[in-house]
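> The following block contains a protein sequence and its predicted model.
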Amino acid sequence: MAFRRCRNVYGIELPYSVNLGRRVIVEHQGGIVIHGNSKIGDDTIIRQNCTLGIRHLDQPNAAPTIGRNVSIGAGAVILGAIEINDGCVIGANAVVLCDLPGGTTAVGIPARIVNKKMS
């Protein structure tokens with residue numbers, strides 16, 4: 001019942017099986033679809049119209065793993081069993097199909113890394 005209420009009222013498909021970290025922020029409601037096997041780390045920000053899902057129909061459990069302190073831009077799509085490491089920024093409407101090292105910014109279709117934070 002809670003899943004259907006969240007989906008119908010807020011436009012967010014968030015199955016109970018998602019491994020959701022603490023203090024995850026959904027900045028704007030609407031159009032968010034998250035695969036049930038996804039993992040989302042602490043302090044992550046998810047904006048409207050984002051999709052975290054599978055890439056191939058023959059791999060129904062291959063969902064993304066999102067690290068801590070990740071910022072996901074509006075309309076971003078993250079597909080497949082990939083890892084988005086801690087501190088990454090994903091630009092609006094980016095389509096991420098491969099792993100991202102920590103502290104990087106990725107933009108475009110398909111997403112490419114445009115800079116890396118210095119530690």
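Here it is on my side, so go on.
> Could you use CA atoms for every contact and neighbour count after this?
Noted.
> Around residue 88, how many other residues sit close by?
Each residue near residue 88 was counted by other CA atoms under 10 Å, and the total is 24.
> Any idea how many residues pack against residue 15?
By the criterion of other CA under 10 Å, residue 15 has 18 neighbours.
> Contact partners for it?
3, 34, 35, 36 (CA atoms under 8 Å, 6 or more residues apart in numbering).
> ok, now residue 72?
44, 45, 46, 47, 50, 89, 90, 91, 92.
> I'd like the list of the residues you listed that fall within helices, please.
Of the contacts of residue 72, none are assigned to helices by DSSP state H.
> Are any of those residues buried, and if so which?
Buried residues within the contacts of residue 72, counting neighbours by 16 or more other CA atoms under 10 Å: 44, 45, 46, 47, 50, 89, 90, 91, 92.
> mind putting those residues in JSON lines, pLDDT included?
Formatted as JSON lines, those follow (pLDDT from 0 to 100):
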{"residue": "44", "pLDDT": "95"}
{"residue": "45", "pLDDT": "95"}
{"residue": "46", "pLDDT": "94"}
{"residue": "47", "pLDDT": "93"}
{"residue": "50", "pLDDT": "93"}
{"residue": "89", "pLDDT": "95"}
{"residue": "90", "pLDDT": "95"}
{"residue": "91", "pLDDT": "94"}
{"residue": "92", "pLDDT": "93"}
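> where do the helices sit along the chain?
For the chain, helices defined by DSSP H occupy the ranges 2-5.
> In contact with the residue sitting nearest the centre point of it, which residues?
Centroid-nearest residue in the chain: residue 52, 4.9 Å away (criterion: CA atoms, centre = their mean). Contacts for residue 52 (CA under 8 Å, 6+ apart) come out as 33, 34, 35, 38, 63, 64, 77, 78, 79.
> From residue 80, how far out is it?
8 Å (CA to CA, to the nearest Å).
> Overlap in contacts, those two.
By CA under 8 Å, 6+ apart, the residues touching both residue 52 and residue 80 are 63, 64.
> Pull the residues that contact the helix or strand bottoming out on mean pLDDT in the chain.
When the helices and strands of the chain are compared on mean pLDDT, DSSP states H and E, helix 2-5 comes out lowest with a mean of 76. Identification of contacts with helix 2-5 by CA under 8 Å, 6+ apart yields 13, 14, 15, 16.
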